[in-house]
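J.: Just need the structure, nothing else, for what follows:
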Amino acid sequence: MGRHDVSALIASFRENYQDLLRFLTRRTGNAERAADVAQDTYVRLAAIPPTNLDIQNPRAFVYRVAGNLAIDTMRREGRIAADFTLLEAAETVPDTAPSPEASALARERLRLLEAALDELPSKPRLALLLSRVEGRSFVEIARQLGVSESMVAKYIAQALRHCRDRLRRNDNG
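T.: Residues are numbered from 1 along each chain as shown. Take a look at the predicted model:
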């Protein structure tokens, strides 16, 4: 295609501009987007290097370039819209951090639990902590405290009852 053919493409673009805009508006669904694609089409046509190709139907060639650019634009905008949708979805994820009030209440409850544990005799307190905090078995706790496994169960039950009652007294009163 020689320089003359590029001029023929530009001339065809200018002659068919209004029809091309209507075509692109139907393709893209938006007159502004269609005008942008038409401008991109003109730039693309003007940038075609002179070659030995012979274009038989310049109007069809212009419409093909415009149609392809419209498809590319719609795909690009679809990807961008999908990205924004993901970003918006990420912004709507609720904050899982507790509220300042809930944090303060939890700290107060923990303080009360520590006080309740401090009130316990040493063996029930140690049995409970070894079981619940360190995850030790009754056999290991019994061996460490020098008592039977059934006594470990009694110590833990005693400690749990004491802590529960202490927290309830505070909640009620």
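J.: okay, CA-based contacts and neighbour counts for the rest of this
T.: OK.
J.: Now residue 12. Nearest residue, chain neighbours left out?
T.: Using Cα to Cα, 6 or more residues apart in numbering and skipping residues adjacent in sequence, the residue nearest residue 12 is residue 59, 5.6 Å away.
J.: Then residue 145?
T.: residue 123 (7.2 Å).
J.: Any stretches of the chain with poor pLDDT?
T.: Scanning the chain for pLDDT under 70 picks out the ranges 1-6, 52-53, 81-95, 173.
J.: Could you chop it up by domain?
T.: The chain is divided into the following domains under automatic domain parsing: 3-91, 100-172.
J.: which parts of the strand or helix carrying residue 42 are buried?
T.: Assigned by DSSP states H and E, residue 42 belongs to helix 31-46. The neighbour-count check on helix 31-46 (16 or more other Cα atoms under 10 Å) flags 33, 34, 35, 36, 37, 38, 40, 41, 42, 45 as buried.
J.: how about those residues in JSON lines, adding distance to residue 21?
T.: Formatted as JSON lines, the buried residues of helix 31-46 follow (distance: Cα to Cα, whole Å):
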{"residue": "33", "distance to residue 21": "10"}
{"residue": "34", "distance to residue 21": "6"}
{"residue": "35", "distance to residue 21": "6"}
{"residue": "36", "distance to residue 21": "10"}
{"residue": "37", "distance to residue 21": "9"}
{"residue": "38", "distance to residue 21": "7"}
{"residue": "40", "distance to residue 21": "12"}
{"residue": "41", "distance to residue 21": "11"}
{"residue": "42", "distance to residue 21": "12"}
{"residue": "45", "distance to residue 21": "16"}
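J.: Tell me the one of those residues nearest residue 9?
T.: The closest of the buried residues of helix 31-46 to residue 9 turns out to be residue 45 (Cα to Cα; 6.9 Å).
J.: I figured that closest one was touching residue 9, is that so?
T.: Yes: contact criterion Cα atoms under 8 Å: residue 45 and residue 9 qualify, at 6.9 Å.
J.: overlap in contacts of the two?
T.: Residues touching both residue 45 and residue 9 (Cα atoms under 8 Å, 6 or more residues apart in numbering) are residue 62.
J.: hmm, back to that, tell me the one among the buried residues of helix 31-46 nearest to residue 145.
T.: Sorting the buried residues of helix 31-46 by distance to residue 145 puts residue 33 at the head of the list, at 79.7 Å, by Cα to Cα.
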